[in-house]
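A.B. asks: Just a sequence and a predicted model for now, questions to come.
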There are 2 protein chains.
Amino acid sequence: MVNCQPASEDTWRQKLWRIMRAALAAVDPEQAVLRFLGREGQHLRVGGTEYDLDRLERIYLVGAGKAAVPMAKAVCRLLGDALSAVVINVKRGYILPAEEMQAIQAGLRCPFEVIEAGHPTPDEAGLRGAQRMAQLLAGTTERDLVICVISGGGSALLTLPVEGVSLADLQALTDALLRSGATINEINTVRKHLSRVKGGGLARLAYPARVVALILSDVVGSPLDVIASGPTVPDPTTFADAWQVLARYSLLDKVPPQVRSYLERGVAGQAPETPKPGDPIFERVQNLIVGSNELAALAAVEQARKEGLNSLLLTTYLEGEAREVGKVAAALAKELLRNGRPLPCPACLVMGGETTVTVRGSGTGGRNQELALAAAIALAGWEGTMVGTLATDGSDGPTDAAGAIATGQTIHRAQELGLNPLAFLENNDSYRFFQALGDLVVTGPTNTNVNDLLFILGWQAG
Amino acid sequence: MVNCQPASEDTWRQKLWRIMRAALAAVDPEQAVLRFLGREGQHLRVGGTEYDLDRLERIYLVGAGKAAVPMAKAVCRLLGDALSAVVINVKRGYILPAEEMQAIQAGLRCPFEVIEAGHPTPDEAGLRGAQRMAQLLAGTTERDLVICVISGGGSALLTLPVEGVSLADLQALTDALLRSGATINEINTVRKHLSRVKGGGLARLAYPARVVALILSDVVGSPLDVIASGPTVPDPTTFADAWQVLARYSLLDKVPPQVRSYLERGVAGQAPETPKPGDPIFERVQNLIVGSNELAALAAVEQARKEGLNSLLLTTYLEGEAREVGKVAAALAKELLRNGRPLPCPACLVMGGETTVTVRGSGTGGRNQELALAAAIALAGWEGTMVGTLATDGSDGPTDAAGAIATGQTIHRAQELGLNPLAFLENNDSYRFFQALGDLVVTGPTNTNVNDLLFILGWQAG
């Protein structure tokens, strides 16, 4: 038995809340970009690389994603006077208040072109924005710099089909692939070969300019070729791979004829392959992850230590059915409490990733809240433990909560209110369960998304 | 990216095999008892306590459980000449070869009474053995020492109903409780109040003798009052609790009338309560866990370190649906490999507990093998990772394998053999999947059971 300090549950709730806030602050899109960009006079620092603005002819700012506006805002704050053009595609409604938009524009000597586009279904607005970017990039020289801001949703928002293929064709293709049971990787293999921007296409358009891609990752593990379909990243897949995906799911006769004929030409070497690893294009490209689940999780660990807790990041690849992962979280909490493993109490374990919910009931909830409910059930009576969950975009499932807090007292408190925890879990009704207890985690929209975080605390010898 | 040393997968399989062997050796019933007992001349050391054999009148060895024979053997090796009587109940077939049984007897000056009894359904043989123990213990004085060996299965094997209640009554009660949906804790609350040995009953029978209980835990978390229904441990539950369980599940009119009337008398204070925490009986009792999931897991961590791996025990409370826990195991392996967290590679994380399988298919497998199959699917292509599983009794589900080994290459190798991993998982057919690959973990019967162990390895930068 280890020496754990007793304290009221409220103290630990407040600590956890500050830990969550620190995690979110680390991946705030504007702050995240500013953490990796610096400017002194005419010197621009990006990560470890320096750019001499005096030796650059033009600087373009392009990009797409739900966080495009705050990311672009950060770039404009630093480089406003030096930018030659700004064009970004953002999800409809994901802009800043008019006042703030005007303030950004005021710092620029070019138009702040923000195109509100369709997501998750691409639309003509997004297409127009992408065409505008392609037009800009087509005129670049090696004395130009293209800064590209990329975040979740960028794949749908940055759509530019190859010659002869329409938006409607792409939509019909995507529908057919989704219905066929193809994996998301397989779907992306096909779509990259029908796009002028995905799968390294944007980098090719920008060549020979230098490209700095600032990436806010919404994909577990942050694989660069997957986030927003990797517009500035080599594509390891081929036309033959794309063709095989359609063949594997018997879709060759079901996709639009323009799609089929373009892929056919590609396989025959009559259409340009996506740029591959080793292509000299990428010698001009710097891809930088400015925000990710990992960065948020590490910030949480740091804050936990400031709060006096021993802390450890266990994984950023978490997946699985939420209610089962909740049991594993409870198992980790029990070991913290009883045996001070893997860290002496008070301690906070952090896990990141994204779980799933197989919906069987008709309640209201999300994967994070359901995970917390399952953890609460497994932790009933285990005083001195806490499990907290957080969807970093502030919206877990179709709810206005980001997650929930479960403790060893949750089930007891629920029963006192006449709530049957198992019935709420059965009905996927975690939102209403935690709402009744006042244990929802509510952050409001965060303008960022780096998946989910899970916090496991133990503080008091049982 | 951390500095991980490359090496062939085989090296790591061999290391993992030695780690598994070390874990099993730590909980071998005979060795486990000898680790906690020592004798020098007429001094017997049990844990930190010393007993002067010259000041003891009689030493009795009693007990029950699947591991009762090897545990008793260890005690006989040390104290054979000093024992006045030996009576143990063991599951039918769980004895040693005749030669070994005779060798044990040869070291004694009393009969080595081993009763082979029914499990999981108690039978008359078990009842006779328990009566014989009760008869022995009834005659003890404070100058006597009772050594009690307790292991998994002890609850069914050590059955002694209260006056007026028959074995058949108990069986009918248990059937009704199981069908009602009562939890195992609720079932045990009722059964403890109908037994003369469970719930501290054995300690009361032995009083005023001193009692040393040597316990091999087969329950996750090793709660003393739950293992074999806690024959030497205070019972916090009451007749009123037992009555409420029957009422809660509307069983008061469905259980045998003798059961109902005995509990009714108990609630009215006309039958003896089980001994409670604080009862002076327990001042004479020393309960010692000689083997548990925790001890096995710690031995594994120690061996992993000897093998040159950084190692950490994450939990001994693991539970959840096996295939979902497998995804969490894979998530931990990925983080080890990619980011060297929570430990730099090469590293081995250890988790203990017991997962469950919701059977939907018609295949052959067990929770450990199914966990490994799910982990293999999630780890496809992640070279430099390994997940291994082990049922410490050597038999996972209804199979002759204890678990399986999954690596980043498993799925590729399976596909080369024409096996569809998802189809095997769907059909709960993990045994045949790993059998085809030669990746089953086969230990043979281990004569011990401290639930399951899960090993997560990462060794090579991806």
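C.D. replies: Alright, I've got the coordinates.
A.B. asks: Give me the nearest residue to residue A:196, chain neighbours excluded.
C.D. replies: Closest residue to residue A:196 apart from its sequence neighbours, by CB to CB, 6 or more residues apart in numbering or on different chains: residue A:160 at 4.5 Å. In this view, the C-beta of every residue, glycine as well, is placed from N, C-alpha and C.
A.B. asks: Name the nearest residue to the closest residue to chain B within chain A, sequence neighbours excluded.
C.D. replies: Proximity of chain A to chain B (CB to the nearest CB) peaks at residue A:324, 3.4 Å away. When the adjacent residues along the chain are set aside, residue A:324 lies closest to residue B:324, with 3.4 Å between them (CB to CB, 6+ apart).
A.B. asks: Quick check, the one you found in contact with residue A:318.
C.D. replies: No - applying CB atoms under 8 Å, one finds residue B:324 not in contact with residue A:318, separated by 11.1 Å.
A.B. asks: Give me the common contacts of the two.
C.D. replies: Taking CB atoms under 8 Å, 6 or more residues apart in numbering or on different chains as the contact rule, the neighbours common to residue B:324 and residue A:318 are residue A:325.
A.B. asks: who's more crowded, those two?
C.D. replies: residue A:318 (29 against 24; other CB atoms under 10 Å in any protein chain shown).
A.B. asks: Next up, the contacts around the more buried one.
C.D. replies: Contacts of residue A:318 were listed using CB under 8 Å, 6+ apart, and they are A:220, A:325, A:351, A:352, A:353, A:354, A:355, A:452, A:454, B:328, B:331.
A.B. asks: The same query, at a cut-off of 10 Å, please.
C.D. replies: By CB atoms under 10 Å, 6 or more residues apart in numbering or on different chains, residue A:318 lies in contact with A:220, A:293, A:297, A:325, A:328-329, A:351-355, A:371, A:451-454, B:327-328, B:330-332, B:334-335.
A.B. asks: do the same with residue A:268
C.D. replies: Contacts of residue A:268 by CB under 10 Å, 6+ apart are residue A:239.
A.B. asks: ok, now how distant is it from residue A:253?
C.D. replies: From residue A:268 over to residue A:253 the distance is 19 Å, taken as CB to CB, to the nearest Å.
A.B. asks: Over to residue A:371?
C.D. replies: Applying CB to CB, one obtains 43 Å for the distance of residue A:371 from residue A:253.
A.B. asks: Which one of these two is surrounded by more residues?
C.D. replies: Counted by other CB under 10 Å, residue A:371 and residue A:253 do not tie: residue A:371 has more neighbours, with 34 against 8.
A.B. asks: Where does the record place the domain boundaries for chain A?
C.D. replies: Here chain A is described, according to automatic domain parsing, as comprising the domains A:6-24+A:294-461, A:28-160+A:195-237+A:274-291.
A.B. asks: Most tightly packed of these?
C.D. replies: Mean neighbour count, computed with mean count of other CB atoms under 10 Å in any protein chain shown, is highest for domain A:6-24+A:294-461 among the domains of chain A, reaching a mean of 22.
A.B. asks: which ones are touching residue A:250?
C.D. replies: By CB under 10 Å, 6+ apart, the residues touching residue A:250 are residue A:180.
A.B. asks: now the helices for the stretch 151-300 of chain A?
C.D. replies: Secondary structure of the stretch 151-300 of chain A (DSSP state H, counting those that start in this stretch): helices at A:154-157, A:167-180, A:184-192, A:201-206, A:239-248, A:257-267, A:293-306.
A.B. asks: got a markdown table for these, with mean pLDDT and distance to residue A:442 too?
C.D. replies: Putting the helices of the stretch 151-300 of chain A into a markdown table (pLDDT from 0 to 100; distance: least, CB to CB, whole Å) gives the following:
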| stretch | mean pLDDT | distance to residue A:442 |
| --- | --- | --- |
| helix A:154-157 | 92 | 27 |
| helix A:167-180 | 92 | 32 |
| helix A:184-192 | 91 | 30 |
| helix A:201-206 | 97 | 37 |
| helix A:239-248 | 96 | 41 |
| helix A:257-267 | 97 | 44 |
| helix A:293-306 | 98 | 18 |
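A.B. asks: okay if I get the ones you listed as a markdown table plus distance to residue B:140?
C.D. replies: As requested, the helices of the stretch 151-300 of chain A are arranged in a markdown table below (distance: least, CB to CB, whole Å):
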| stretch | distance to residue B:140 |
| --- | --- |
| helix A:154-157 | 77 |
| helix A:167-180 | 74 |
| helix A:184-192 | 70 |
| helix A:201-206 | 85 |
| helix A:239-248 | 75 |
| helix A:257-267 | 86 |
| helix A:293-306 | 54 |
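A.B. asks: Export those as TSV, with columns for distance to chain B.
C.D. replies: Output for those, formatted as TSV (distance: least, CB to the nearest CB, whole Å):
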stretch	distance to chain B
helix A:154-157	22
helix A:167-180	15
helix A:184-192	11
helix A:201-206	23
helix A:239-248	13
helix A:257-267	23
helix A:293-306	7
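A.B. asks: How about residue A:420: what's its closest non-neighbour residue?
C.D. replies: Residue nearest to residue A:420 in three dimensions, not counting chain neighbours: residue A:414, with 7.9 Å by CB to CB, 6+ apart.
A.B. asks: which SS class is that neighbour?
C.D. replies: Secondary structure, DSSP: H, G, I helix; E, B strand; the rest coil: residue A:414 is helix.
A.B. asks: From residue A:377, how far out is it?
C.D. replies: When residue A:414 is compared with residue A:377 (using CB to CB), they lie 10 Å apart.
A.B. asks: who touches both of the two?
C.D. replies: By CB under 10 Å, 6+ apart, residue A:414 and residue A:377 have these common neighbours: A:421, A:424.
A.B. asks: Show me where the stretch 1-150 of chain A has its helices.
C.D. replies: Remark: helices of the stretch 1-150 of chain A, listed N- to C-terminal, are A:9-26, A:29-36, A:68-79, A:98-106, A:124-138; assignment by DSSP H, counting those that start in this stretch.
A.B. asks: average pLDDT for the third one?
C.D. replies: Think helix A:68-79. The pLDDT scores in helix A:68-79 average 97.
A.B. asks: now do the shortest one
C.D. replies: Throughout helix A:29-36, pLDDT has a mean value of 96.
A.B. asks: and stretch A:388-406, what's its mean pLDDT?
C.D. replies: If you average the pLDDT over stretch A:388-406, you get 96.
A.B. asks: now do stretch A:413-422
C.D. replies: For stretch A:413-422, mean pLDDT is 96.
A.B. asks: now residue A:169: how far from residue B:90?
C.D. replies: Taken as CB to CB, the spacing of residue A:169 relative to residue B:90 amounts to 73 Å.
A.B. asks: Look at residue A:331 and tell me its secondary structure.
C.D. replies: Per three-state DSSP, the local secondary structure of residue A:331 is helix.
A.B. asks: looking at it, residue A:311 is touching residue A:300, isn't it?
C.D. replies: Yes - assessed by CB atoms under 10 Å, residue A:311 is found in contact with residue A:300 at 7.8 Å.
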